[in-house]
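Engineer: Following is a predicted model, sequence given first.
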Amino acid sequence: MENSDFYEADHLLKIGLYPQAFEKFMELESGSYECTYLMPCKMALNNQLSQTQLDLLFHDLERELTNKNPRATYNYGLVLEHVGNHTKAIQLLQIAMDLGVSEARAALSRLLIKGGQT
């Protein structure tokens, strides 16, 4: 990726400046043609976001869900599984699978096998 803003955000993440890294990654997503929210979701999976940041991320991901964005929907499902909202995670992973995200089938199967219906 030839984007100096991405490298700056990644550097901030590596040195532990999570709020600044999150802000930069979110700015990059807002200017992106195909938003995936990959890096903010990775930060959520690594427990590097505050509740306020999670709420902001979820707000943006809800918008992408409405827009039927396959990758963002898949990433949203993974984060919801991580935070314990298994019911909605199952729904989102099913939607992502229906939208053609091949990894969604494995993630959904894993969640169901773990007993994600709780």
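Structural biologist: Done, it's in.

Engineer: name the helices or strands packed onto the longest helix seen in the chain?
Structural biologist: Longest helix of the chain, by residue count under DSSP state H: helix 51-66. Helices and strands touching helix 51-66, by 3 or more Cβ pairs under 8 Å, 6 or more residues apart in numbering; DSSP states H and E, are helix 18-30, helix 38-45, helix 70-83. From N, CA and C alone the C-beta is placed, and that goes for glycine too.

Engineer: What residues sit buried inside it?
Structural biologist: Buried residues in helix 51-66, defined by neighbour count with 16 or more other Cβ atoms under 10 Å: Gln53, Leu54, Leu56, Leu57, Phe58, Asp60, Leu61, Glu64, Leu65.

Engineer: With stretch 18-34 instead?
Structural biologist: Buried residues in stretch 18-34, counted by 16+ other Cβ under 10 Å: Tyr18, Ala21, Phe22, Glu23, Lys24, Phe25, Met26, Leu28, Glu29.

Engineer: Thought Lys42 was touching Phe22, still the case?
Structural biologist: No - with contact defined as Cβ atoms under 8 Å, Phe22 does not reach Lys42; the gap is 10.6 Å.

Engineer: how about the closest residue to Gln53 other than its chain neighbours, what does it touch?
Structural biologist: Closest residue in space to Gln53, ignoring its immediate chain neighbours: Phe22 at 5.3 Å, by Cβ to Cβ, 6 or more residues apart in numbering. Counting by Cβ atoms under 8 Å, 6 or more residues apart in numbering, Phe22 makes contact with Pro40, Met43, Gln48, Leu49, Gln53.

Engineer: can you check Ala107 too?
Structural biologist: Tyr74, Gly77, Leu78, Glu81, Leu93.

Engineer: repeat that for 10 Å
Structural biologist: Going by Cβ atoms under 10 Å, 6 or more residues apart in numbering, Ala107 touches Tyr74, Gly77, Leu78, Glu81, Ala89, Ile90, Leu92, Leu93, Ala96, Met97, Val101.

Engineer: Test my guess that the fifth one contacts Asn75.
Structural biologist: No - with contact defined as Cβ atoms under 10 Å, Ala89 does not reach Asn75; the gap is 11.1 Å.
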